[in-house]
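In: could you look at this predicted model? Sequence included:
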Amino acid sequence: MSETVAEFMDRVAARSPEETEFHQAVHEVVESIWPVLDRHPEFREANILDRMVEPERVIMFRVPWVDDDGHVQVNRGYRIEMNSAIGPYKGGLRFHPSVNLGVLKFLAFEQVFKNALTTLPMGGGKGGSDFDPKGKSDGEVMRFCQSFMGELYRHIGDRTDIPAGDIGVGAREIGFLFGQYKKLANEFSGILTGKSPEWGGSLIRPEATGYGAVYFAEEMLKTRDESILGKKCLVSGSGNVAQYAVENVLRLGGSAVTLSDSSGFIYDKDGIDHEKLDWVKELKNKRRGRIAEYADRFNADYYPDQRPWSVEGAECVFPCATQNELSGPEAKQLLVNGTYVVAEGANMPCDPDAVQQFVDQGILFGPGKAANAGGVATSGLEMAQNAVFTNWTRDEVDQRLRRIMVNIHRSCQEAAEHYGDPGNYVNGANIAGFIKVADAMLDQGIV
Ligand code: NDP
């Protein structure tokens, strides 16, 4: 008698207690791939699943730094090297007070399948710290990044592990981290992605996650002979992913009417146009202000401590802030309000109850590991350009990104159909990613 999903999950929970986000991410994948294990006894014989939920390596370290008042502060740094079956570890760094081992293991686990879907040779990893860049001076952020890289540099390399940005790690932090690596290792190589185009970064990398999520939504809509053109869209977050999701909605002729941060959301019934979006980029990326300021500047509505999902009349929804930011009751409300396209720009933003409702109702639901894979895919393109010392044009990278999103959409669709659940992108993404990694692990033996 083989084990049930519940028994498997009990073992995962017992081995890594209190890592609730990790359990949530594993559970979703295991539910999807259980029928695959029934058809592929070789995966069970090689105990592939138990090996996949155990990180290959976890690095935890002290990050001491000195604040502007001369006080010594201590944070905790992490790098989870989850799976290298199909390539070097690849995945972002998150600096946010909510970061802990369970959050990073969830993100690293998701990353393994997402990277497999891109078809590029990248394994999965994730890292970060409970450091909060909010309210810190540039000097404090620089000293923190230098101390963080003071340990991390031993573990990364362009053929080993290539981190990138995530929440709280944008162009400024990548610059400080890269500078410190270069100094310690005495080499200029592509050990981070998301670099500035002046010193090794790829054009379109900043745009890639948000653009990709909207391209993915466009592909889902095409299956119903529709497009983003003329659609009203709700976007959450106002950071990197949200900004470029809005930009691509505009490029494809849709209208985005909301943005948010952890203090509340704005609703602009006239739509966020290019000029307003440029102002948001300046607000968030340079002045590092709060989204509430938008309401005063552009005469929009501001709702403190709320999320944008109560706004009515939107066909499309792009959650682009953080995990579990769209709950079951909010999903129900969206469905009542007529939403039928949800593409996750963030990682695991819809909680399990919300996902279940979207899947049960048969709407076009693109899970994060497929819909937001454009970011890491373009990081892969940055690595390729670094490896051969070249730079591609904006158009070339954008076209490659679009092709990758079309291919990811197709492989999710095909896997879902092959396993008897057409239109279910959650199962499709999990199964397609899992099979690729599992096959590689089988080929490479028990390591
Ligand atoms: P940013 O730091 O640029 O922006 C994050 C945004 O989300 C901010 O508006 C932030 O508001 C908001 N936010 C963060 N935490 C919370 C919270 N607990 N509650 C409410 N709002 C919150 O990060 P990114 O845009 O890069 O990342 C957003 C999401 O996309 C994450 O889930 C990330 O893992 C995922 N992602 C990012 C990729 C990338 O290339 N950057 C690639 C793939 C996925 P505030 O400023 O108030 O904190």
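Out: Good, I have the coordinates.
In: point me to the residue of the stretch 51-200 of the chain nearest the ligand.
Out: Per Cβ to the nearest ligand atom, residue 167 is where the stretch 51-200 of the chain lies closest to the ligand, at 4.0 Å. Where C-beta positions appear, they are placed from N, C-alpha and C, glycine not excepted.
In: how is residue 289 assigned, secondary-structure-wise?
Out: coil (DSSP: H, G, I helix; E, B strand; the rest coil).
In: how close does it sit to the ligand?
Out: According to Cβ to the nearest ligand atom, to the nearest Å, residue 289 and the ligand sit 10 Å apart.
In: before we move on, the earlier item: and the residue of the stretch 51-200 of the chain closest to the ligand, how many neighbours?
Out: For residue 167, the neighbour count with other Cβ atoms under 10 Å is 24.
In: my guess is it meets residue 97, correct?
Out: No. With contact defined as Cβ atoms under 8 Å, residue 167 does not count as touching residue 97 (10.6 Å).
In: what residues does the chain put near the ligand?
Out: Contact residues, the chain versus the ligand (Cβ under 6 Å from any ligand atom): 165-168, 170, 209, 237-242, 261-263, 320-322, 325, 345-347, 372, 375.
In: inside strands: which ones of these?
Out: residue 261 (DSSP state E).
In: which of the residues of the chain next to the ligand are buried?
Out: 165-168, 170, 209, 237-242, 261, 320-322, 325, 345-347, 372, 375 (16 or more other Cβ atoms under 10 Å).
In: do you know how far residue 248 is from the ligand?
Out: 14 Å.
In: doesn't that residue fall inside a helix?
Out: Yes. Assessed with three-state DSSP, residue 248 lies in a helix.
In: pull up the per-residue confidence for it.
Out: Looking at residue 248, its pLDDT is 98.
In: kindly report the same for residue 1.
Out: Looking at residue 1, its pLDDT is 56.
In: for the residue of the stretch 51-200 of the chain closest to the ligand, give me its contacts.
Out: 94, 95, 96, 239, 322 (Cβ atoms under 8 Å, 6 or more residues apart in numbering).
In: go with 10 Å
Out: Residue 167 makes contact with 92-96, 98-99, 107, 128, 133, 237, 239-241, 321-323, 346-347, according to Cβ atoms under 10 Å, 6 or more residues apart in numbering.
In: same question for residue 296.
Out: 266, 302.
In: tell me how far it lies from residue 263.
Out: 14 Å (Cβ to Cβ, to the nearest Å).
In: same check on residue 23?
Out: 29 Å.
In: phi, psi of residue 61?
Out: phi -150, psi 160 (degrees, to the nearest 10).
In: which residues touch it?
Out: 75-79, 129, 147-148, 150-152, 154-155.
In: please flag which of these sit within helices.
Out: Those of the contacts of residue 61 mapping onto helices are 147, 148, 150, 151, 152, per DSSP state H.
In: which residue packs closest to the fourth one, ignoring adjacent ones?
Out: On the basis of Cβ to Cβ, 6 or more residues apart in numbering, the spatially nearest residue to residue 151 that is not a chain neighbour turns out to be residue 61, at 4.4 Å.
In: out of the contacts of residue 167, which are inside helices?
Out: 107, 240, 241.
In: pLDDT and distance to residue 247 added to those residues, as TSV?
Out: Output for these, formatted as TSV (pLDDT from 0 to 100; distance: Cβ to Cβ, whole Å):
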residue	pLDDT	distance to residue 247
107	98	24
240	97	11
241	98	11
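In: now do the strands in the chain.
Out: 57-66, 72-83, 89-95, 124-129, 161-164, 232-235, 255-256, 258-261, 264-267, 301-304, 316-318, 341-343, 364-366.
In: and those: which comes nearest residue 383?
Out: Distance to residue 383, taken as Cβ to Cβ, is lowest for strand 161-164 among the strands of the chain, at 6.3 Å.
In: quick revisit: now the strands of the chain as JSON lines including distance to residue 14?
Out: JSON lines is the format used below for the strands of the chain (distance: least, Cβ to Cβ, whole Å):
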{"stretch": "strand 57-66", "distance to residue 14": "18"}
{"stretch": "strand 72-83", "distance to residue 14": "20"}
{"stretch": "strand 89-95", "distance to residue 14": "26"}
{"stretch": "strand 124-129", "distance to residue 14": "23"}
{"stretch": "strand 161-164", "distance to residue 14": "29"}
{"stretch": "strand 232-235", "distance to residue 14": "39"}
{"stretch": "strand 255-256", "distance to residue 14": "44"}
{"stretch": "strand 258-261", "distance to residue 14": "37"}
{"stretch": "strand 264-267", "distance to residue 14": "39"}
{"stretch": "strand 301-304", "distance to residue 14": "41"}
{"stretch": "strand 316-318", "distance to residue 14": "36"}
{"stretch": "strand 341-343", "distance to residue 14": "33"}
{"stretch": "strand 364-366", "distance to residue 14": "31"}
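In: now those strands as JSON lines including mean pLDDT?
Out: Converted to JSON lines, these look like this (pLDDT from 0 to 100):
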{"stretch": "strand 57-66", "mean pLDDT": "98"}
{"stretch": "strand 72-83", "mean pLDDT": "98"}
{"stretch": "strand 89-95", "mean pLDDT": "98"}
{"stretch": "strand 124-129", "mean pLDDT": "98"}
{"stretch": "strand 161-164", "mean pLDDT": "98"}
{"stretch": "strand 232-235", "mean pLDDT": "98"}
{"stretch": "strand 255-256", "mean pLDDT": "98"}
{"stretch": "strand 258-261", "mean pLDDT": "98"}
{"stretch": "strand 264-267", "mean pLDDT": "98"}
{"stretch": "strand 301-304", "mean pLDDT": "98"}
{"stretch": "strand 316-318", "mean pLDDT": "99"}
{"stretch": "strand 341-343", "mean pLDDT": "98"}
{"stretch": "strand 364-366", "mean pLDDT": "98"}
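In: wait, residue 10 touches residue 4, no?
Out: Yes. Judged on Cβ atoms under 10 Å, residue 10 makes contact with residue 4 at a distance of 9.3 Å.
In: quick one on the thing from earlier: what pLDDT does the residue of the stretch 51-200 of the chain closest to the ligand get?
Out: So, for residue 167, pLDDT stands at 97.
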